[in-house]
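Novice: The sequence and its predicted three-dimensional model are supplied below.
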Amino acid sequence: MRTAALISRDSSVDSFCYPYFDSPSVFCRVLDKDIGGYFSIRPCFDATPKQQYLPNTAIVATKWLHNDGVINIVDYMPRPRPSLSSRNYALYPWLIRRVEAVRGSVRTKLELFPAFNYAQDEHTTEIKGNKVIFTSKSLTLELVAISPEIDDTAAVKIKFSKDEKTHGAGLGAGVVAEFDVIEGQVVTFILREPVKEEEPQAIRDDDPDTILSDTGEYWTSWLNQSTYKGRWREFMQRSAITLKLLTFELTGAIVAAPTFSLPETIGGTRQWDYRFCWIRDASFSVYALIRLGFTAEADAYMGFMRQRIKEREAGKPLQIMYTIHGKADLQEIELKHLSGYRDSKPVRIGNGAADHLQLDVSGELMDAIYLHHKYSKPLSWELWLDVRNLVDYVCDSWNQPDMSIWEVRSKKQHYLYSKIMCWVAINRGLRLADKRSLPCPNRARWLATQDQIYEEIQTKGWSEEKQHYKQSYEADALDSSVLIMPLVFFTSPVDPRFLSTMKQIMKSPEKGGLTANGLVFRYDPKKSEDGIDGGGEEGAFSMCTLWLIEALTRAGQYGGAGDAEGRSMVRTARRMFDELLQYGNHAQLFAEEISKSGEALGNMPQAFTHVSAISAAFNLDRVMH
């Protein structure tokens with residue numbers, strides 16, 4: 001819960017920023033196969049890898065199968081079991097890789113080629129027996145090999161040697177080692193910052209098997225808090241663990257994804273850095289966490305958001321995203337020396353959309369505050385004062401054009417999604433005031449503005465000619481973001497206008513819709529100018545597919561058991577949801593988008609996709625009962 005590593009199917013660490021999610025990468029071969037850097041452990045001969053999470057944990061096991069022998073590589077970051085929460089090793093974001101021979105004898109090869117600071121910094125490499133120390137100007141890491149004697153089985157002998165190959169852009173040597181692992185032998189590799197002499201003896205000596213056991217207990221104990229018992233329990237548990245893995249424990253922030261610059265279309269230019277915390281995710285994340293029973297995580301996230309509200313200047317908008325440390329500076333930079341995933345350039349770090357005016361974020365935040373108050377902890381007087389100021393700001397600014405949810409890089413418009421969420425911000429403020437009988441000096445203005453926004457959306461945001469809600473007052477194109485309407489209780493899911501819009505979105509792109517093969521696109525880039533030069537087409541947006549599933553579910557619910565159309569909508573929602581689950585990878589992780597060929601696109605795993613899936617599954621389950 002400080003950083004994350006992505007392990008390929010063939011047990012190579014191909015993405016790893018250290019020590020935090022938003023720190024410079026040490027390995028990023030996923031963005032440049034030649035110079036990005038990686039840490040691979042695999043058999044020296046051809047074998048078949050089978051990879052999965054160990055049940056109910058965040059521990060990855062990659063088993064290599066061959067007639068002559070089988071090895072199992074277990075990857076994880078240490079956590080203490082609940083009864084030992086003060087164990088010192090839990091304070092360190094270590095990457096631990098355990099290699100065990102399950103059968104026979106397997107000749108195994110380790111390759112570690114660091115590429116510090118996004119493959120920009122030089123480093124030195126020093127081998128000291130079972131330890132290798134890599135030193136760059138800003139970071140030092142050590143690799144430690146530990147292999148105990150077990151009963152009568154000898155320890156694995158590891159001999160590291162330097163390798164000057166160009167996997168690190170010629171910035172410093174990597175190390176390689178070949179060793180035999182026979183049945184019963186275990187060798188553990190720990191990658192971490194060097195342990196200081198004054199650290200406790202337990203840290204220096206380490207006990208990898210105890211650490212692994214404690215980590216497994218931590219995850220199973222944490223998952224036992226889940227209150228969900230429905231049809232998709234395994235998927236919901238995996239999504240909950242994924243959200244937990246995306247949580248920065250030191251502040252409670254949740255990153256949108258642990259990766260940067262994975263393309264939304266292969267060969268296009270839509271590559272963005274998602275290692276930050278978007279306010280937009282707030283209400284959806286809080287709802288999902290609370291629905292599954294993880295109130296502590298929801299409380300921590302709201303604590304992070306509470307601080308951002310306190311820091312807001314009076315009369316100024318909230319920034320749409322922050323660093324995981326709560327900072328506002330997210331300068332966008334292109335890393336021109338990296339080739340990009342499958343040559344998709346440019347590779348970007350930072351995010352230039354951070355200073356966009358996106359008026360919807362106040363709505364998502366207010367919804368989060370309302371849900372947290374309703375299902376977890378009542379809001380304080382100080383927070384209520386900040387809420388009043390925030391709603392007053394929305395009343396002052398709602399009628400401005402902005403860049404809205406999709407963070408377009410063209411001109412500002414009066415986007416419908418932003419207007420809807422401004423209505424949500426005021427509506428939730430009024431609800432809080434009524435539920436708690438809280439003083440609301442500007443209640444009359446709030447009510448009048450709420451009504452004004454609603455009326456304007458129904459007049460300027462509706463295309464009488466095309467019979468659907470528009471993307472913006474200026475553009476009558478379809479946009480799937482309006483599917484949010486019934487999910488935030490702006491409109492009834494069976495309102496004729498909404499049903500007409502939903503049915504048109506469900507048509508194929510060839511027939512003017514946004515849905516292909518049961519997957520929903522955000523909008524048609526050919527009809528909606530988004531300012532992304534050379535962006536090309538993009539994949540179907542998983543979050544929008546899930547919003548459609550939930551909208552269908554809610555509409556079907558009002559049909560009742562005897563309504564054929566209602567039952568049909570619920571069946572369609574169930575079919576679409578089951579089909580969407582098939583697009584997850586072998587570890588049930590989901591990216592931001594899905595290509596026409598079914599390939600994952602965009603940064604991964606994507607918090608918004610998992611959060612929306614939790615919400616859709618929860619409500620679909622409830623209706624089907």
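Specialist: Received it, and whenever you're ready, just let me know what you need.
Novice: Now do the contacts for the nearest residue to Q331 once chain neighbours are set aside.
Specialist: Residue nearest to Q331 in three dimensions, not counting chain neighbours: G350, with 4.7 Å by CB to CB, 6 or more residues apart in numbering. The way it works is simple: take the backbone N, C-alpha and C, and place the C-beta from them, glycine included. Each residue near G350 by CB atoms under 8 Å, 6 or more residues apart in numbering is listed here: D273, L330, Q331, E332, I333.
Novice: swap the cut-off to 10 Å and go again
Specialist: 22, 260, 272-273, 275-276, 323, 329-334 (CB atoms under 10 Å, 6 or more residues apart in numbering).
Novice: Against K162, how distant is it?
Specialist: Note on G350: its distance to K162, by CB to CB, to the nearest Å, is 34 Å.
Novice: circling back: look over the contacts of G350 and name the one with the lowest pLDDT score.
Specialist: Lowest pLDDT among the contacts of G350: D329, with 87.
Novice: check contacts around that one.
Specialist: Residues near D329 by CB under 10 Å, 6+ apart: Q319, Y322, T323, G350, A354, D355.
Novice: sec struct for it, please.
Specialist: coil (DSSP: H, G, I helix; E, B strand; the rest coil).
Novice: Distance check, it against T323.
Specialist: Taken as CB to CB, the span from D329 to T323 is 8 Å.
Novice: quick revisit: same list (the contacts of D329) but as CSV, adding secondary structure.
Specialist: Output for the contacts of D329, formatted as CSV (three-state DSSP):
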residue, secondary structure
Q319, coil
Y322, strand
T323, coil
G350, coil
A354, helix
D355, helix
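Novice: Which of the residues you listed sits closest to Y18?
Specialist: Nearest to Y18 out of the contacts of D329 is T323 (CB to CB; 16.0 Å).
Novice: The spatially closest residue to G172 that is not a sequence neighbour: how many residues sit nearby?
Specialist: Once flanking residues are discounted, G172 sits nearest to H123: 3.8 Å by CB to CB, 6+ apart. As a burial measure, H123 scores 23 neighbours (other CB atoms under 10 Å).
Novice: Ok, A516 next?
Specialist: By the criterion of other CB under 10 Å, A516 has 14 neighbours.
Novice: mind listing what the residue located most distally from the centre of the chain touches?
Specialist: Ranked by distance from the centre of the chain (CA atoms, centre = their mean), the top residue is D152, with 45.5 Å. Neighbour list for D152: G184 [criterion: CB under 10 Å, 6+ apart].
Novice: again, only using 8 Å
Specialist: Residues near D152 by CB under 8 Å, 6+ apart: none.
Novice: for L223, same thing?
Specialist: With contact taken as CB under 8 Å, 6+ apart, L223 is in contact with N56, Q237, A240, I241.
Novice: Pull up the gap between the residue lying closest to the third one once chain neighbours are set aside and E183, please.
Specialist: Pointing back at A240 there. The spatial neighbour of A240 that comes closest, neighbours along the chain excluded (CB to CB, 6+ apart), is L292 at 5.4 Å. Using CB to CB, L292 is found at 41 Å from E183.
Novice: Report the beta-bridge partner residues of the nearest residue to W94 once chain neighbours are set aside.
Specialist: Leaving aside its chain neighbours, W94 sits nearest to R192 (4.3 Å; criterion: CB to CB, 6+ apart). Per DSSP bridges, the residues bridged to R192 are E142.
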